[in-house]
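> Based on what follows, work out the 3D shape:
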Amino acid sequence: MNDVNQHISPAQQAWRRFKKNRTAILSAWFLAILLIAILAWPVVLKISGAHFAQLHNPDEVSDAQFSPPDAQHWFGTDLHGRDVFSRVLFGAQISLLVGVVGTLISLIIGVLWGAVAGYAGGRIDAILMRIVDVLYSLPTIIFVIVLLTTLGEIIKQSHFVQNSPALGSSLRVMLLFIGLGAVSWLTMARIVRGQVLSLRTRAFVEASRALGAKPHWIITRHIIPNILGVVITYLALTMPAIILYESFLSFLGLGVEAPMASWGTLISEGVSQINPIRIYWWLIVFPGSILVSTLLALNFLGDGLRDAWDVKSRT
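Modelled structure (predicted):
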């Protein structure tokens, strides 16, 4: 068995271990089905009949206000008679897009920052990590809120935005990218630095250095491939945190604004309709359930990737 494993790449061994984790596999299938539904639903609306497309148009206002889930509106309708099912899927595009962009920022900046700091050591390491410590000392959510409110007000007063509300909504989403991306890479940088500190004294790194390899070559060819498992794991755990941040900010009215929608704004709209007479439960349950299910699936997937890439694991 050991002879066979010697001819299998680390990625193949990780895939074998990952397939044995049923929770991670189910989470991956759930995320894949959700992604397919998000991408396919706009196409379905375009190729379907006019009545079906109008009935499920996420921006189509109708007289069917607060209709409970039925055969026509699977998730019911909201205050303006809009189909909640379509709004949940279209809102997922914004929520997941923010999560993906924030995760990519964490990957690029965090890995490069931590790798350089860990490999260089000395004064460079001290300077880079002190910068991280200063940024870490800032309350994350307060920093993002101040950034969104300050720059958001400037954007609203801009002449171009006043003439184009759609441009204002797009710039608002860009602010979310900047704000969440500005704080998402800090932990990644610390984790990568710790891994690089333990790898830079290994024999294969010393051998490469003795052969005259440049630092950037050692970092990209030897260091980063050996911390790939840790990076992938943390990326899978970073995305749900960023999605949760976006939902929280949108819930407070500081993130995505109408006419765009995200899971946070949908939950906020549902909460605003709570009254002593009647609770329109579907406005909260369906967006909240999809949000919680996605966050759990991403966390389970991250745990499965961590176990799969753990070099101490054995097939």
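> what about Ser170, helix or strand, and which?
Assessed by DSSP states H and E, Ser170 sits inside helix 165-184.
> what's the closest residue to Leu197 other than its chain neighbours in contact with, if anything?
Spatial nearest neighbour of Leu197, excluding adjacent residues (CB to CB, 6 or more residues apart in numbering): Gly118 at 4.8 Å. Where C-beta positions appear, they are placed from N, C-alpha and C, glycine not excepted. Neighbour list for Gly118: 125, 192-197, 200 [criterion: CB atoms under 8 Å, 6 or more residues apart in numbering].
> Could you check which helix or strand contains Gly118?
In this assignment (DSSP H and E), Gly118 forms part of helix 84-120.
> What residues of that helix count as buried?
84-99, 101-107, 109-120 (16 or more other CB atoms under 10 Å).
> just for the stretch 101-250 of the chain, where's the confidence low?
159-169 (pLDDT under 70).
> Tell me where it has helices.
All helices of the stretch 101-250 of the chain, identified by DSSP state H, counting those that start in this stretch, fall at 122-137, 140-156, 159-163, 165-184, 186-199, 203-210, 215-218, 224-226, 228-251.
> I'd like to know which of those helices is closest to Leu55.
Across the helices of the stretch 101-250 of the chain, Leu55 has its closest neighbour in helix 165-184 (24.3 Å, CB to CB).
> can you list contacts of that closest one?
So helix 165-184 is contacted by 94, 97-98, 101-103, 105-106, 109-110, 135, 138, 140, 143-144, 147-148, 151-152, 155-156, 158, 160-161, 238, 241-242, 245-246, 249, 255-260 (CB under 8 Å, 6+ apart).
> Isn't Leu235 up against Gly110?
No - Leu235 lies out of contact with Gly110 (CB atoms under 8 Å); the separation is 9.3 Å.
> With Ala28 as the reference, name the closest of the helices of the stretch 101-250 of the chain.
Smallest distance to Ala28 across the helices of the stretch 101-250 of the chain (CB to CB): 10.2 Å, for helix 228-251.
> Please compute how far that closest one lies from its chain's middle.
5 Å (CA atoms, centre = their mean, to the nearest Å).
> Also stretch 25-40?
Stretch 25-40 sits 15 Å away from the centroid of its parent chain (CA atoms, centre = their mean).
> ok, now stretch 140-148?
The chain centre lies 18 Å from the centre of stretch 140-148; the measure is CA atoms, centre = their mean.
> Return the set of buried residues in it.
For stretch 140-148, burial by neighbour count (16+ other CB under 10 Å) applies to 140, 144-145, 147-148.
> could I get those residues as JSON lines with distance to Ile33?
Putting the buried residues of stretch 140-148 into JSON lines (distance: CB to CB, whole Å) gives the following:
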{"residue": "Thr140", "distance to Ile33": "32"}
{"residue": "Val144", "distance to Ile33": "31"}
{"residue": "Ile145", "distance to Ile33": "34"}
{"residue": "Leu147", "distance to Ile33": "35"}
{"residue": "Leu148", "distance to Ile33": "32"}
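> of those, closest to Gln13?
Of all the buried residues of stretch 140-148, Thr140 has the smallest distance to Gln13: 36.2 Å, by CB to CB.
> Identify the residues contacting the closest one.
Neighbouring residues of Thr140 by CB under 8 Å, 6+ apart: Val183.
> Please shift the residue numbers so they start at 3 in all later answers.
Got it, first residue is 3 now, which makes that one Thr142.
> That one and Ile245, how far apart?
Going from Thr142 to Ile245 by CB to CB, to the nearest Å gives 15 Å.
> can you check Ser295 too?
Remark: distance between Ser295 and Ile245 (CB to CB) = 12 Å.
> between these two, who's got more neighbours?
Ile245 (27 against 14; other CB atoms under 10 Å).
> In contact with that one: list those residues for me.
Counting by CB under 8 Å, 6+ apart, the residues that Ile245 touches are 97-98, 100-101, 265, 293, 296-297, 300.
> if we go to 7 Å?
By CB atoms under 7 Å, 6 or more residues apart in numbering, Ile245 lies in contact with 97, 100-101, 297.
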